[in-house]
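1. Below are the sequence and a predicted model for it; my questions follow.
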Amino acid sequence: MAGRSTARSFPFRSAHMDLVEAEGVSKRFGGIVALSDARFRARAGEVHALLGENGAGKSTFIQILAGVTRHDTGRILVDGADYAPTDPDGALARGIAAVFQELSLVPDLSVAENIWFRREPRTRLRTVRAERLRNDTEQLFQRYDFPSVDPDREVKRLSLAERQVVEVAKGLSKNPRILILDEATSALPQREAEWLLSLCRRVAEEGRLVVFISHRMGEVRRVADRLTVFRNGRTVGTHAANEISDDEIVTEMIGRHLDRLYPERHNTTTDRVALQVRDYKSGNRLKGVSFDLREGEVLGVGGLQGHGQRELFQALFGAARSSGSLVLWGKETEINSPRRALRGPSGVALVPEDRRGQGLLLTKSVRENLTLSVIRRFSRGGLLQGKREAMLVNEMVDFLRIKAATPEQPAGTLSGGNQQKVIFGKMLLTEARILLLYDPTRGVDVATKGEIFGLMRDLGAKGYAILFYSSDLNELVHVADRVMVLRDGRIAAMLVEGQISEESILRTAVLDAAA
Amino acid sequence: MTEISKTSPSDRATAQVERLRRIALDRAPFLVACLMLGLIVAIYGTYQTGVFTLDELNLNTTAAMTLILAATGQTIVLLRGGIDLSIGGMISLGTVIAATRFGDEPASALLWSLLILLLGLVVGVVNGMLITALRLQPFLVTLATWSILNGAAMMILPTDGGSLPGWWLGFGYLTVFGLSSTVWMLIALLLYWWWFTRTRMGIAIRATGSNERSAFLSGVSIGKINAATYGLSGLFAAAAALYLTTQTGAGSPTIGRDYILPSVAAAVIGGVSLFGGRGHLAGTVIGALVLTLIGNLVFILRISSYWQPVASGVILLVAVLASALAEKAARAHAQ
Amino acid sequence: MSSFLSRNRLILLAYAGMIVLLAVTAFFSPGFLSASNLRSTVVLAAFVGIVALGQTFVIIGGGIDLSVPWVLNTAAVMMTLMAGGGDAPLLWVLPLVLLGGASIGLLNGIGVAIFGVPPIIMTLAVNVILQGLILVYTGGSPTPSAPTLIKFLSVGRIGPIPVIALIWLLLTAAATILLSKSAFGRHLYALGTSVTVAEYSGVPVSRTAILTYVLSGSTAALAGMLLAGYSGQAYLGMGDAYLFTSVAAVAIGGASILGGSGHYLGTIAGALVLTILTGLLPALNLSNGALLVVYGAIILVTVSVGSEAWGEWWRAVSARAGSDRG
């Protein structure tokens, strides 16, 4: 490569053979700016990695490239011609195919049927040529040395990893000039991840462009020719992979954050163990964790998405099966349902990941949502005591400063921040003093974020024990007393005061031993 | 996490056993239906002579054919993940139109037959469009159109009656090469099914029933799928009506009701999933035969014919429980 | 109460529709508003309303009960057989038959909530099994005539008011309390709105679902006994019409078939609409067939009114208008 580029030199060098050129691309979802002024250039024959924290805008950008969403402003050129597809078929017409994390496979179709879905080879009778379908699949598998998957097997019978492999095959079968892979390795075990990396190189050597998103730095190092870093919806820079150090990349990814959001830190942890977890496993992502959560403590859970955080929270709340030992306030307990988790003063309450799908009855009023978990408490002789309920609801609305016209307003019509406050209120009305907060500030406005953090500290002071996951590292750094970093379903590090920084968390989370 | 790796030769034998187990679990509901049919035929055979003759085959398929036709349409809708209650209305309407309009001229009968089939198709497409455009539940939409079609049938012919030409009535009993025309129809139907499920449309319908979101993400037009699915269901209901008139020789504004829920039951007994995406016409045909033969069995065993509904209900429950358990086992197996 | 109505616009619409229908009927058939005619309309509507009570609960919870017709028939037959025409046995026959209906509901509920059988299949199977069993049991022969007390309950009057109207009123009060003023009601709406959210909120999901089927079995049994009193005796097939009308009444009353919304007060309007229509059509010289056509059209129209497709369409139009202005 001609010319030396460092992290600080102007990153966009003009090149005539650019296959994709994007300038000033922006996208808003409702009030949230997902992408503002993204710039991107990539050539045929390279593997181009996109890097950035969760929510930095890289996913939105490739969705635009793949024709899944449309950009608001900016200009994209493919092969020097304007590019603005309205759907994935339109993107494919220009030679672009994407493999997303949200799987597009149909469970009841076979592997081969899924790969060639809607593009099946047909006989003169217009029926699908099953034999050819199978042969084409096997040829495709052979050509790129795929891990063996039975082409006749139904997709619903495949493991998550196998599905991911089939998804890649589906993308490749379209014979695209630009192949986009969105964290395609995150669901794969070591050996298959290796395979996928070498596949990326192969595809690039065939003269195609591979756009590759990964959170694993080691992988990016091994496979990418160049990389583009995203931060807060903007592109920070594009670099040749061999000319930038890990440290420089991490610095570019993090940038500077506003710190004024956060309450003053004061550790209220006591000696009393609220929740003791030993060798705790769930599903195939949480592979065994042991830790103590203390009264008054805010214990942060960090790591990249998909490394067992979700499973940990689900299992502790009884919404997923688990094995291992669980001691609540000194008493060995088995939690096999959310109903059991919420029971009594030694219970566990959750602010769930999916606010709309798990947390709130969107069509029901704020009042009904707040008291749903504890409605029996207002029952006297079978009749609900409306006045007592209303009083408590009003208190909670005032306490949390929930902005609703009346408590009768449907919860679905509130802003994201206020919806989240309703879920907090619902949780606080239960007697549970162990709180599981799964990414409680996602999609929440800045002011409410501040209020939520303040509340967390107050609750800590009152003797609640809080387990807190956030996809925003900055929050963990400023709010948590300790941070437990998960990698591949295990605790990679337990960071205590003085060790907690974005760099330390990110480094533990991304830098796998192999890298 | 399950490792995907190339199997060594020593693993191959166990892999083969695994494969068979998986297939057995996958087909469990269908196998249970076959078992039930086998059992019924076996009992039938011990108590009655001449069960395993062509005549008996012809007779039984003739008795079951209306239900088979109705259930064919229902199977397509169930594969899509929907349900079609309106076929009851369409069958009634079809029979009364036939019984009042056919006349004696073969040409007129033929023309009206085609019109009835066309009507079924159109009614079905309208069902599909209403479901898509208004985002309504298939259950309610087809309940409403059932009522409308049934009402229309009653307006044309308030009570059972009308007449059909004599030559029309014998249709189901014509024999060609020892097999009745009904058996030939059944063979044609299975061939059609073999063809249809292998077309892109057939696959897309199954895919949409399996997971609408995935199908949509893969570029399937849901509106088109709905129109095709319910259109076919209406078409088969009309065909069932025409076949029914060759048996009854009359029109009936209420007879369609007897086919709504049995058509669903036949499909479910045959292993078609109510949640969409899974099932095959062969299963539905076996389900329909089971439901029909139960009547014969009750007759031969000289027990009260009132046991027939009890038996069909129990069979239905056994079938769904079998598929629920198989699904559970398969899921545990996949873990 | 105003908040209740603002959140249940569809129920208001159902009543508005009913009043319009009443006016139209009165116009075409002036005798319709006579006391005796209104009385008989209310009596007929009460049967639909009572069956539809349980159906309302089941549908709000996200299920459906197709076993209604033969639970109704069975109850009617068992009641007349066990009472043997006498009033005295009713003391134990009435509770026993109600309990029987409840147990059938329990069976339905367990199949649906515990074994995961789709409600359509579970209740359908139970329906045909009941049909067979009762046919076997009675041999299809006619049953003794209904006891006088039951006749009094279904066709008798206290002053100008039919007894069954009072029963209906009582049941309405009970249903309203259950839906609006009890923990069970809250759990039920939560269950029907989102099983996941309900589960994550600690709602006893299975128990709540099972109870709705128990209730539906009970009301179908009650309606069966009263209907036997109305006809003077029990005959098989008397329940056939009530599958369609009970579901239709709930749908016209503004409940979503997907669950989570609706109220028994709406179902009452639905039951009245369906019954008034049967009175209107003879006045217009229309046949039973036309009645069914109108039923179907009314269901389509009312459920379309509640469809979210309109809301989206409206939002899209107003958004476009807004952006044009902006």
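-> Arrived safely. Worth saying up front: this structure is predicted, and the values here are computed from it rather than measured.

2. Just list the residues touching residue 183, thanks.
-> No chain in the question, so chain A it is. A:101, A:213-215, A:306 (CB atoms under 8 Å, 6 or more residues apart in numbering or on different chains). The way it works is simple: take the backbone N, C-alpha and C, and place the C-beta from them, glycine included.

3. Chain B was what I was after
-> B:57-58, B:61.

4. Enumerate every residue touching residue 80.
-> I'll assume chain A. With CB under 8 Å, 6+ apart, A:Gly80 has these contacts: A:Glu21.

5. um, chain C though
-> Per CB under 8 Å, 6+ apart, neighbours of C:Thr80: C:143-147, C:228, C:233-234.

6. Check what pLDDT it gets.
-> C:Thr80 carries a pLDDT score of 90 in this model.

7. and the stretch 351-500 of chain A, which residues reach chain C?
-> By the rule CB under 8 Å from any CB of the partner chain, the part of the stretch 351-500 of chain A lying against chain C is A:352, A:357-365, A:368, A:371-373, A:375-376, A:378-379, A:382-384, A:386, A:406, A:408, A:410, A:426, A:430.

8. If any of those are buried, give me the PyMOL selection for them.
-> With 16 or more other CB atoms under 10 Å in any protein chain shown as the criterion, this PyMOL line picks the buried residues out of these:
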select buried, chain A and resi 352+358+359+360+361+362+363+364+365+368+371+372+373+375+378+379+384+408+410+426+430
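
9. Mark which of the residues of the stretch 351-500 of chain A next to chain C are part of helices, please.
-> A:368, A:371, A:386, A:426 (DSSP state H).

10. For those, give me JSON lines that also has pLDDT and distance to chain B.
-> JSON lines is the format used below for these (pLDDT from 0 to 100; distance: CB to the nearest CB, whole Å):
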{"residue": "A:Glu368", "pLDDT": "94", "distance to chain B": "24"}
{"residue": "A:Thr371", "pLDDT": "94", "distance to chain B": "30"}
{"residue": "A:Gly386", "pLDDT": "89", "distance to chain B": "33"}
{"residue": "A:Lys426", "pLDDT": "94", "distance to chain B": "29"}
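
11. Now name the helix or strand holding the residue nearest the centre of chain B.
-> Centroid-nearest residue in chain B, with CA atoms, centre = their mean: B:Ala71, separated by 1.7 Å. Counting by DSSP states H and E, the element that carries B:Ala71 is helix B:54-79.

12. Show me which positions of that helix end up buried.
-> B:56-79.

13. Residues of the stretch 201-350 of chain A that sit close to chain B?
-> A:284-285.

14. Residue of the stretch 201-350 of chain A closest to chain C, please.
-> A:Leu342 (4.1 Å; CB to the nearest CB).

15. Looking at that residue now. What's its pLDDT?
-> Reported pLDDT for A:Leu342: 93.

16. Report how many residues lie close to the nearest residue to it once chain neighbours are set aside.
-> Spatially, and ignoring its direct neighbours in sequence, A:Leu342 is nearest to C:Gly202 (4.1 Å; CB to CB, 6 or more residues apart in numbering or on different chains). By other CB atoms under 10 Å in any protein chain shown, 25 other residues sit near C:Gly202.

17. In the stretch 1-150 of chain C, where is pLDDT below threshold?
-> Residues of the stretch 1-150 of chain C that meet the criterion pLDDT under 70 lie in C:1-7.

18. Please list the residues of it that sit near chain B.
-> Counting by CB under 8 Å from any CB, the stretch 1-150 of chain C comes close to chain B at C:64, C:66, C:111, C:115-118, C:120-122, C:124-129, C:131-133, C:135-136, C:139-140.

19. residue ranges of the strands in the stretch 1-150 of chain B, please?
-> Shown for the stretch 1-150 of chain B, no strands are assigned by DSSP state E, counting those that start in this stretch.

20. Tell me who's in contact with A:Val393.
-> A:366-367, A:370-371, A:407.

21. let's see it at 6 Å
-> A:367, A:370, A:407 (CB atoms under 6 Å, 6 or more residues apart in numbering or on different chains).

22. And B:Ser180, by the same measure?
-> B:58, B:173.

23. residues in contact with the residue of the stretch 201-350 of chain A closest to chain C?
-> Here A:Leu342 is in contact with A:373, A:430, C:202 (CB under 6 Å, 6+ apart).

24. and which of the residues you listed is nearest to chain B?
-> After measuring the contacts of A:Leu342 against chain B - CB to the nearest CB - the closest member comes out as C:Gly202, at 25.1 Å.

25. how near is the closest one to C:Lys181?
-> C:Gly202 sits 20 Å away from C:Lys181, going by CB to CB, to the nearest Å.

26. Please apply the same query to B:Leu321.
-> For B:Leu321, the distance to C:Lys181 - CB to CB - is 38 Å.

27. got it, and A:Ala341?
-> 28 Å.

28. Those two - which one has more neighbours?
-> It is A:Ala341, of A:Ala341 and C:Lys181, that has more neighbours when counted by other CB under 10 Å, with 24 against 16.

29. these two touch, right, A:Leu293 and A:Ala274?
-> Yes. Counting by CB atoms under 6 Å, A:Ala274 is a contact partner of A:Leu293 at 5.4 Å.

30. shared neighbours of these two, which are they?
-> A:Ala465.

31. Please identify which of those two sits among more neighbours.
-> The residue with more neighbours, out of A:Leu293 and A:Ala274, is A:Ala274; 26 against 23, by other CB under 10 Å.

32. Please confirm that the more buried one is located within a strand.
-> Yes. Membership of A:Ala274 in a strand is supported by DSSP: H, G, I helix; E, B strand; the rest coil.

33. and A:Ile491, that's in a helix?
-> No. A:Ile491: not assigned to a helix; according to three-state DSSP it is strand.

34. Spit out the contact partners of it.
-> By CB under 6 Å, 6+ apart, the neighbours of A:Ile491 are A:289, A:484.

35. What residues are bridge-paired with it?
-> A:Leu486 (DSSP bridges).

36. will you turn the contacts of A:Leu342 into TSV that also has pLDDT?
-> Formatted as TSV, the contacts of A:Leu342 follow (pLDDT from 0 to 100):
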residue	pLDDT
A:Ser373	93
A:Thr430	93
C:Gly202	94
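
37. So which of those is the closest to B:Ser181?
-> C:Gly202 (61.9 Å; CB to CB).

38. now the closest one: how far from C:Gly185?
-> Taking CB to CB, one finds C:Gly202 at 16 Å from C:Gly185.
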